[in-house]
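Trainee: got a structure for you, letters missing:
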């Protein structure tokens, strides 16, 4: 995958390098793409067990050990989220701690300097934007985190509260905005979380 994408596309898939988490309205699925000539494919959230995830860690050449991110990620994610105020709806209205605990926490353990993009800052939430950003900062302190948000007016109003956050504005279904995001951020993300439009056509 390239850092700068010059093709016209409506797919956020071209922003990423290794790991894409797609959050839709009713279901959760995963798209994992490996560079270095490995196979790409789609995986349902129930398709990979935690044991398989650990097997992947072993395959990549790192000892699994007893790090809790590898075997207790769901609990750690949930506890970290609930220790913050406001509490992100990822663990209240939804139960995304399950997929994040099984997949994203072990991935961070292997790649602590991962580059991550979340689409959807939370401007439409009743508790305001930035709740998930606070969580990412807490559990992924070494990661390079970027946010993309549709509501530019909201971002401008809250910019004093969002200092230190890499924020891009625009529409994920707009080709021009996607190309600009790649240029602004440098692209080549390891992880993309789509908590924005929730439409499959915007991802694929």
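Mentor: Alright, I've got the coordinates. Everything quoted here is computed from the prediction, not taken from an experiment.
Trainee: got the residue ranges for the strands in this protein?
Mentor: 16-23, 28-32, 41-44, 115-119, 144-149, 166-169, 189-194 (DSSP state E).
Trainee: hey, least reliable of those strands by pLDDT?
Mentor: Lowest mean pLDDT within the strands of the chain: strand 41-44, a mean of 32.
Trainee: Just the buried residues of stretch 119-130, please?
Mentor: For stretch 119-130, a neighbour-count test (16 or more other Cβ atoms under 10 Å) marks 119, 120, 121, 122, 123, 125, 129, 130 as buried. Quick note: C-beta positions are derived from backbone N, CA and C, even for glycine.
Trainee: just the residues you listed now: which is nearest residue 166?
Mentor: Comparing those against residue 166 with Cβ to Cβ places residue 121 closest, at 11.1 Å.
Trainee: List the residues that contact the nearest residue to the closest one once chain neighbours are set aside.
Mentor: Of all residues not flanking residue 121 in the chain, residue 149 sits nearest, at 3.9 Å (Cβ to Cβ, 6 or more residues apart in numbering). With contact set as Cβ atoms under 8 Å, 6 or more residues apart in numbering, residue 149 has these partners: 119, 120, 121, 123, 129, 155, 167, 168, 169, 196.
Trainee: Read off the pLDDT value for the nearest residue to the fourth one once chain neighbours are set aside.
Mentor: Distances taken as Cβ to Cβ, 6+ apart put residue 154 closest to residue 123, at 3.6 Å, once the chain neighbours are dropped. For residue 154, the model assigns a pLDDT of 91.
Trainee: For residue 187, see how far away residue 154 is.
Mentor: Remark: distance between residue 154 and residue 187 (Cβ to Cβ, to the nearest Å) = 24 Å.
Trainee: who has more neighbours, those two?
Mentor: Set residue 154 next to residue 187 and count neighbours by other Cβ atoms under 10 Å: residue 187 wins out with 21 against 18.
Trainee: Number of residues surrounding the spatially closest residue to residue 75 that is not a sequence neighbour?
Mentor: Closest residue to residue 75 apart from its sequence neighbours, by Cβ to Cβ, 6+ apart: residue 101 at 7.1 Å. For residue 101, the count of nearby residues is 20 (other Cβ under 10 Å).
Trainee: quick one: pLDDT of residue 101?
Mentor: pLDDT for residue 101: 93.
Trainee: again, but for residue 196
Mentor: 72.
Trainee: pretty sure it is touching residue 168, no?
Mentor: No. In this structure, residue 196 is not within contact of residue 168 by Cβ atoms under 8 Å, at 11.6 Å.
Trainee: Common neighbours of the two, please.
Mentor: Both residue 196 and residue 168 are contacted by 148, 149, under the criterion Cβ under 8 Å, 6+ apart.
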